[in-house]
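A.B. asks: sequence first, predicted model second:
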Amino acid sequence: MKTEAITIRELTTHELPLILPLIEKHNAKIEPAELRRRLELMIPQGYHCIAAFEDGRVIGVAGYWLGARFYCGEYMDVDNVVVDETLRSRGVGLKMMDWLHAKARELGCKVVMLDSYVTLARAHKFYFRQDYEILGYHFSRKV
């Protein structure tokens, strides 16, 4: 696979269901209907998503949110970077991240941030190679 054959673009709201097959694989413990429901909740809250296409097929997705915080100013929060498991380590993720970094600069963001599950060591290596650093812990509590 040549990365020149890969197209990255932002999806329209109506195209967002195209991400669900990859999101379902990435979140296999959550029922597909629940993931669809959550996507519908996320859209009016400012969720954006890009996709990597090869020959018209979605081979990678990455969502993002925009915001501002006291400690960093304007930011892009990247959410669920997922590449088809048969195409990983071939430059798809890097091409998507390059697109997101350029978009963040275009939008005036000072920082791009993301969360990565502690069990995804390969993903951590990928982000470290792109100069990401761990600044803290992300805590979560069910209510």
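C.D. replies: In hand now; what should we look at?

A.B. asks: show me where the protein has helices.
C.D. replies: Here the chain has its helices, by DSSP state H, at 20-26, 32-42, 92-106, 121-129.

A.B. asks: now the ones you listed as a markdown table including distance to residue 60, mean neighbour count and mean pLDDT?
C.D. replies: Just so you know, the C-beta spots here come from the backbone N, C-alpha and C atoms, and that holds for glycine as well. Compiled in a markdown table, these are given as follows (distance: least, CB to CB, whole Å; neighbours: other CB atoms under 10 Å; pLDDT from 0 to 100):
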| stretch | distance to residue 60 | mean neighbour count | mean pLDDT |
| --- | --- | --- | --- |
| helix 20-26 | 7 | 16 | 96 |
| helix 32-42 | 17 | 13 | 98 |
| helix 92-106 | 5 | 17 | 97 |
| helix 121-129 | 13 | 13 | 94 |
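
A.B. asks: contact partners of the lengthiest strand in the chain?
C.D. replies: Using DSSP state E to assign secondary structure, the strand with the most residues in the chain is strand 57-69. Residues lying outside strand 57-69 but in contact with it, judged by CB atoms under 8 Å, 6 or more residues apart in numbering, are 6, 18-19, 21-23, 42, 45-53, 74-84, 87, 92-93, 96-97, 100, 103, 107, 109.

A.B. asks: which ChimeraX command selects the buried ones in the residues you listed?
C.D. replies: The following ChimeraX command selects only the buried members of those, with burial defined by 16 or more other CB atoms under 10 Å:
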select :6,18,19,22,23,42,47,48,49,50,51,52,75,76,77,78,79,80,81,82,83,84,87,92,93,96,97,100,103,109
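
A.B. asks: from residue 2, how far out is the residue sitting nearest the centre point of the chain?
C.D. replies: Note on the chain: the residue nearest the mean C-alpha position is residue 62, at 2.5 Å, using CA atoms, centre = their mean. Note on residue 62: its distance to residue 2, by CB to CB, to the nearest Å, is 20 Å.

A.B. asks: ok, now residue 39?
C.D. replies: When CB to CB is the yardstick, residue 39 and residue 2 sit 31 Å from each other.

A.B. asks: understood, closing this out.
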